[in-house]
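Visitor: Fold the following for me, if possible:
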Amino acid sequence: MSEFTGPEKEQLKNHFSNSDDSVFAIITPRQVDRGALMSRYSRTDKSMRRIFLDEFLANENRGEEFYNKVLIEYGDDSVAELGIAQVAIEGISNIAVKKIEDRRIGLSYLEKSSRYVSWDKKVNGEFKFLREKKIMESKFADSYIQACNLDFEVYSKNIDPMLKFVREKEPIEKLKFKDSESGGEIEFSKIKSESDIKSATFIYNASTKAKALDILRGLLPASTLTNVGVSGNGRAFEYLLTILLGSELEEEREIAHKIKHELDSTIKSFVRRSTDKYGIAMQNYLKSLQKKSQILSKQQKIKPKHRGPLVRLVDYESEGIAQDKIISAIMYESQTIPYGEILGIVKKMSKSAKAKVISDFAKMRTNRRQRPPRAFEMTNYTFDIIGNFGMFRDLHRHRILTLERQLLTTDHGYSTPKEIVELGIKSEYDSCMKNTKKVFDSMRNKMPQESQYVVNFAYNYPFFMNMNLREVVHLIELRTIPQGHIDYRQVAQKMFLEIQKKQPNISKIIKFADLKSYELERFESEKRIEEKRKSN
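Guide: Next up, the predicted model:
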């Protein structure tokens, strides 16, 4: 017999997906009520639908009242995770978007891609980069505008020539595509079906355009305007707002106020405490350390002389210690004694027996999506990396790790793709970089934060990444796949080689690292995407 009467079922239908089953979706329109129902649910033995009928239906402010009591009076932070919101932020610089995406937990992001979307379009006759208010009101305004315009002009005018160059270097006639008649792959010139020709052309055009834009993206300045969608819970948004409100950059503070305004219309009860002073206090403390850090930077200014990104494994455990911890954690679940005792037993195992355990787990993995068990989280690695800012933007997306970075500067040189040289535009490219450095150097002392906006994606950027072995496996295997950008593929490849050198047996678990190089990175991936599209 149903818990609810006929009239009650009628009242419930606009708020829950069903009124009879033990599994149901909450579809009541107000986000605050959804979260409050979830939280209230844990404090009573009533069913959720009964709570709604008894407490929420007749009181449209019940959700707000509940959260005011729990969050403000009791400070129960976990319930703030029950409020979910999606926010779109458009026309945001690549400096501000990275600050937002620094928040790793509780938020998910989708950002405009520099690989699939070109930045050559103008709005009202102007290229799309931030005219930062403080800069525009300073003596640096003209040189800043000139530098950013030069970057966009060189970028824009070389899209078609670079695309032509890429296609001449990798002509469609040389490549193989799926033939629907035979089921195999044949050269483009031998394809008969109009549908197959159309698909092949689409694949080729998409992969060559991505390649051309990948090569040229280094010209773009950090002021380049992008769009990002942010989805997350109230607790994470609250912390994001606290950090942005404490920023030294006016753009980031302004974005914080705008986000808060929009969240107040959807999950207001979940972000009420985001106006506290923690972010400002933290920034003030960091400023107090600035003099000391400036002395250190003068003493140890990095002038890297290397090809490609610099990757150094600077902190790790010996292979013996790491293996003992991993194997002890593997055994723990099936035992009835404490971890410390298991560790003592594992230390007495022979080297060959320990090596076999790691090898056995490596053999079980048949593809990169089959992740090693949690036991492989027991050992950590810290990598010092200097790579271009464009590449950093890609690696920055990884969440299950600790990443710290410095201000964006022109101190560490810049990267030049070989295709820039081969196309014959190195002189133009270098002119942009040198002009950027001149403008940056003139601004940096007066505006250390704002001067970042003028720096190009090609300039090298120091950061470190600390992560456990399980995340290392995921990052290296994902970021070395053929369709990855050459810059971050090189970083991930060097990470693998560093671990392999220090821990040859443990590194066997990183089974799907691809150390090859590819000319047309997106080609095979675009073929798979097109095949899926045709089958739907």
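
Visitor: Using neighbour counts, pick out the buried residues of whatever helix or strand I51 lives in.
Guide: If you go by DSSP states H and E, I51 is part of helix 48-51. For helix 48-51, a neighbour-count test (16 or more other C-beta atoms under 10 Å) marks R49, I51 as buried. Just so you know, the C-beta spots here come from the backbone N, C-alpha and C atoms, and that holds for glycine as well.

Visitor: Can you give the contact residues for it?
Guide: E3, F4, L12, F16, S19, F24, I26, L37, M38, R40, Y41, T44 (C-beta atoms under 8 Å, 6 or more residues apart in numbering).

Visitor: Go through these and name the one nearest I95.
Guide: For the contacts of helix 48-51, the minimum distance to I95 (C-beta to C-beta) is 36.4 Å, reached by M38.

Visitor: Confirm for me that the closest one is in contact with E81.
Guide: No - the pair M38 / E81 is not scored as a contact, 9.4 Å apart, by C-beta atoms under 8 Å.

Visitor: Quick one: residues contacting A210.
Guide: For A210, the contacting residues are R115, Y116, E521, R522, by C-beta under 8 Å, 6+ apart.

Visitor: which residues does the last one contact?
Guide: By that I understand R522. Contacts of R522 by C-beta under 8 Å, 6+ apart are R115, A206, S207, A210, K211, Q483.

Visitor: E251 - nearest residue in space that isn't next to it in sequence?
Guide: Leaving out its chain neighbours, the residue that sits closest to E251 by C-beta to C-beta, 6 or more residues apart in numbering is A96, at 5.1 Å.

Visitor: What helix or strand is that neighbour located in?
Guide: Under the assignment here (DSSP H and E), A96 is part of helix 94-101.

Visitor: hmm, back to that, how close does the residue nearest to E251 sit to S265?
Guide: As defined by C-beta to C-beta, to the nearest Å, A96 lies at a distance of 22 Å from S265.

Visitor: Who has more neighbours out of those two?
Guide: A count of neighbours by other C-beta atoms under 10 Å puts A96 above the other of A96 and S265, at 26 against 9.

Visitor: Next, the buried residues of the longest helix along the chain.
Guide: Identified as the longest helix of the chain according to DSSP state H is helix 194-216. By 16+ other C-beta under 10 Å, the buried positions in helix 194-216 come out as 196, 199-200, 203-204, 206-216.

Visitor: Please work out the average pLDDT along the helix or strand following it.
Guide: Per DSSP H and E, the first helix or strand lying C-terminal to helix 194-216 is strand 225-233. What strand 225-233 shows for mean pLDDT is 93.

Visitor: Quick one: the strands in the chain, in order.
Guide: 84-93, 107-111, 122-123, 126-127, 176-178, 185-187, 225-233, 310-316, 380-388, 402-405, 460-468 (DSSP state E).

Visitor: Switch those over to CSV; also include distance to F56 and mean neighbour count.
Guide: Converted to CSV, these look like this (distance: least, C-beta to C-beta, whole Å; neighbours: other C-beta atoms under 10 Å):
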stretch, distance to F56, mean neighbour count
strand 84-93, 18, 16
strand 107-111, 28, 16
strand 122-123, 46, 10
strand 126-127, 50, 17
strand 176-178, 55, 18
strand 185-187, 59, 14
strand 225-233, 21, 18
strand 310-316, 52, 16
strand 380-388, 46, 21
strand 402-405, 41, 14
strand 460-468, 43, 20
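
Visitor: Now render those as TSV, adding distance to L475.
Guide: Conversion of the strands of the chain to TSV gives the following (distance: least, C-beta to C-beta, whole Å):
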stretch	distance to L475
strand 84-93	26
strand 107-111	17
strand 122-123	36
strand 126-127	34
strand 176-178	31
strand 185-187	31
strand 225-233	22
strand 310-316	12
strand 380-388	10
strand 402-405	11
strand 460-468	7
